[in-house]
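Engineer: how would this look folded up:
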Amino acid sequence: MAATGRSGARANRDLTQGNIRANLWFLGWPQIVSGAVNTVDQLADLFWAGFIGSRAVATVGVAQSWIVLFITATMGLDTGARAMVSRAIGAGDLAAANRIARQSLFVSGATALTVMGFGIVLSDFLLRLLGVTENMVEEGSTYQRIRLASAIFFTVNNGSGSLLQAGGDSLTPMKAQMLTRGIHFVLSPVLMFGWVGLPPMGISGSAVANTVAQVAGAVVNLHALFTGVSRLQLTLKNPTFERGILAQQLKIGAPASYTSGERSLAQLILTGLVAPFGPSALALFVITQRVQMFGSFGAQGLGQACGVIVGQNLGARQPARARATVWWALGYVFAMQGVLCTAMYLFPTVVVSLFSRETSVMDLAVPWLYVEIPAYLFLSLSNVLALMLNTAGDAVIPMVIGIVVVWGIQQPVAHVLTGAFSSLGWSGLNWAVPSSWNLGVLGIPFATLSSSFVRIAALFVYFLKGRWGQKELLGWSRVAVPADVDTAIASASSR
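Structural biologist: Numbers count the residues shown, from 1 in each chain. Predicted coordinates:
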């Protein structure tokens with residue numbers, strides 16, 4: 001492979017050769033650190049909000065749920081770009097990788113501006129849609145609007161980091177994440193509580209701090225992309241728009257976006273089911289969602305690293321190495337999550353007390369976590385497989401499995417066990433749900449447990465079949481392309 005645009009031994013490492021476990025950890029450990037820092041940062045919002053009260057915790061959590069839903073569009077595009085860049089790198093086509101990376105940044109940025117605009121306009125309506133109190137709407141609307149307005153910086157930061165990882169550089173994105181999260185963590189309480197003589201902004205201060213932090217992280221990643229510090233080296237000279245790249249990016253990214261968006265929408269519906277049980281129950285729901293996120297950061301990091309290595313090895317026509325990489329990633333994640341889940345099972349109140357010390361929240365936390373903790377292991381393993389399949393270019397199967405699991409299992413079980421459905425009907429037949437099935441708000445963790453088990457089972461069976469390794473991503477002839485597209489892209493599909 002050409003070495004243009006690279007400096008340093010890390011960027012020169014060939015992930016299609018050498019020890020598979022060493023390659024996985026070489027690329028994975030910075031992503032695990034990035035995931036840990038990212039998760040701690042998201043938990044920090046709840047940590048600081050906890051000093052204001054459970055209502056503030058619930059408000060931040062509800063607003064973040066809508067924010068996550070809106071950014072899924074750009075995250076899907078990032079998934080498509082990451083899959084294509086890693087495959088091009090593996091095929092030895094650095095020129096194609098650079099063009100894909102440059103165009104994806106502009107497309108993601110434009111998409112973010114469009115989508116977030118709708119969210120800003122509809123902010124109050126979206127919060128009321130979940131049935132939260134007017135006080136929460138008033139407090140959360142400003143926070144949500146600021147976060148959505150700054151989403152363009154998040155998109156550039158996240159997208160540029162994803163491209164660097166696809167090229168084999170996970171160290172620079174880790175540094176960017178550490179800078180981003182460090183600024184956010186330190187600046188948030190200063191703005192929220194009005195330290196050093198500043199006026200207190202409440203939870204909106206955290207949103208402002210996040211904006212400043214995302215800008216700083218984006219600068220670090222973009223510097224690496226445009227100066228040749230990493231394997232990729234982008235330029236603003238002779239910009240072109242290649243429909244073939246966009247078509248393939250959408251082909252991969254649309255199912256990935258739908259999968260993420262569908263899960264986010266499902267979480268919003270669950271939030272609506274929890275809201276009638278009061279602020280304490282809603283605060284606990286938000287806390288457990290973030291605890292699950294904290295527990296899965298290792299799986300997320302190794303899953304992303306696994307996906308990049310799989311993509312590069314498939315591009316190099318080495319499916320056996322790609323498959324072995326997945327097995328090692330699953331084994332490591334199972335071991336890490338086993339330890340974390342055991343610790344959370346033994347000390348559930350310690351975890352929750354970091355975010356709320358209110359008795360009403362703590363009393364509900366223990367039975368909730370005892371049911372839900374096994375689901376964290378299933379979700380982590382399924383995340384590895386889903387991330388791998390997406391980066392391998394096989395994003396439709398995770399989408400289909402997600403549809404079946406969320407709408408066929410999670411949502412019906414949640415509605416029945418929380419008492420939202422008092423009867424079930426089909427073709428004119430109605431069946432009353434036994435009162436003993438009404439578990440109240442504790443129906444939510446049971447729904448999470450059942451759906452996560454089915455999801456990992458379905459993804460694992462598909463992984464064993466091996467069809468995911470047969471997807472061709474650089475065959476531009478399948479889509480309309482302009483006449484001046486580099487012949488390097490077309491030739492990659494015939495290697």
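Engineer: sec struct for residue 393, please.
Structural biologist: coil (DSSP: H, G, I helix; E, B strand; the rest coil).
Engineer: Could you report the neighbour count for residue 131?
Structural biologist: The tally of other residues near residue 131 (other Cβ atoms under 10 Å) stands at 15. (Glycine included, C-beta is placed from N, CA and C.)
Engineer: What are the boundaries of the helices in the stretch 301-450 of the chain?
Structural biologist: 319-346, 348-353, 359-391, 396-405, 411-417, 443-465 (DSSP state H, counting those that start in this stretch).
Engineer: my bad, should have said the stretch 1-150 of the chain
Structural biologist: 9-12, 20-50, 54-90, 94-121, 123-129, 134-149.
Engineer: that older thread, could you look over the helices of the stretch 301-450 of the chain and pick the most buried one?
Structural biologist: With neighbours taken as mean count of other Cβ atoms under 10 Å, the helices of the stretch 301-450 of the chain reach their highest mean count in helix 359-391, at a mean of 22.
Engineer: That helix versus helix 396-405: what angle between them?
Structural biologist: Here the directions of helix 359-391 and helix 396-405 differ by 150 degrees (axes from the mean of the first three to the mean of the last three Cα atoms, to 10 degrees).
Engineer: tell me what helix 359-391 is packed against?
Structural biologist: Helix 359-391 makes packing contacts with helix 54-90, helix 243-274, helix 279-295, helix 297-315, helix 319-346, helix 348-353, helix 396-405, helix 443-465 when contacts are defined by 3 or more Cβ pairs under 8 Å, 6 or more residues apart in numbering; DSSP states H and E.
Engineer: between that helix and helix 319-346, what angle do the directions make?
Structural biologist: 180 degrees.
Engineer: Now do helix 359-391, average pLDDT.
Structural biologist: On average, the pLDDT along helix 359-391 is 88.
Engineer: picking up where we left off before, quick one: which of the helices of the stretch 301-450 of the chain is nearest residue 202?
Structural biologist: helix 359-391 (20.3 Å; Cβ to Cβ).
Engineer: quick one, that closest one and helix 443-465 angle?
Structural biologist: Using the same axes, to 10 degrees: helix 359-391 against helix 443-465 is 20 degrees.
Engineer: returning to what we had before: could you save the helices and strands packed on helix 359-391 as JSON lines and add columns showing distance to residue 162 and mean pLDDT?
Structural biologist: What follows is those, written out as JSON lines (distance: least, Cβ to Cβ, whole Å; pLDDT from 0 to 100):
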{"stretch": "helix 54-90", "distance to residue 162": "5", "mean pLDDT": "82"}
{"stretch": "helix 243-274", "distance to residue 162": "11", "mean pLDDT": "82"}
{"stretch": "helix 279-295", "distance to residue 162": "18", "mean pLDDT": "81"}
{"stretch": "helix 297-315", "distance to residue 162": "8", "mean pLDDT": "83"}
{"stretch": "helix 319-346", "distance to residue 162": "18", "mean pLDDT": "91"}
{"stretch": "helix 348-353", "distance to residue 162": "30", "mean pLDDT": "82"}
{"stretch": "helix 396-405", "distance to residue 162": "17", "mean pLDDT": "90"}
{"stretch": "helix 443-465", "distance to residue 162": "22", "mean pLDDT": "94"}
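Engineer: Let me see the contact set for the residue lying closest to residue 448 once chain neighbours are set aside.
Structural biologist: For residue 448, ignoring the flanking residues on the chain, the nearest one in space by Cβ to Cβ, 6 or more residues apart in numbering is residue 375 at 4.9 Å. Neighbouring residues of residue 375 by Cβ atoms under 8 Å, 6 or more residues apart in numbering: 292, 445, 448, 449, 452, 453.
Engineer: what about 7 Å?
Structural biologist: The contact partners of residue 375, taken as Cβ atoms under 7 Å, 6 or more residues apart in numbering, are 448, 449, 452.
Engineer: coming back round to it: as TSV, the helices of the stretch 1-150 of the chain with mean neighbour count and distance to residue 316 would be great.
Structural biologist: Converted to TSV, the helices of the stretch 1-150 of the chain look like this (neighbours: other Cβ atoms under 10 Å; distance: least, Cβ to Cβ, whole Å):
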stretch	mean neighbour count	distance to residue 316
helix 9-12	14	16
helix 20-50	21	12
helix 54-90	26	4
helix 94-121	20	13
helix 123-129	17	45
helix 134-149	21	40
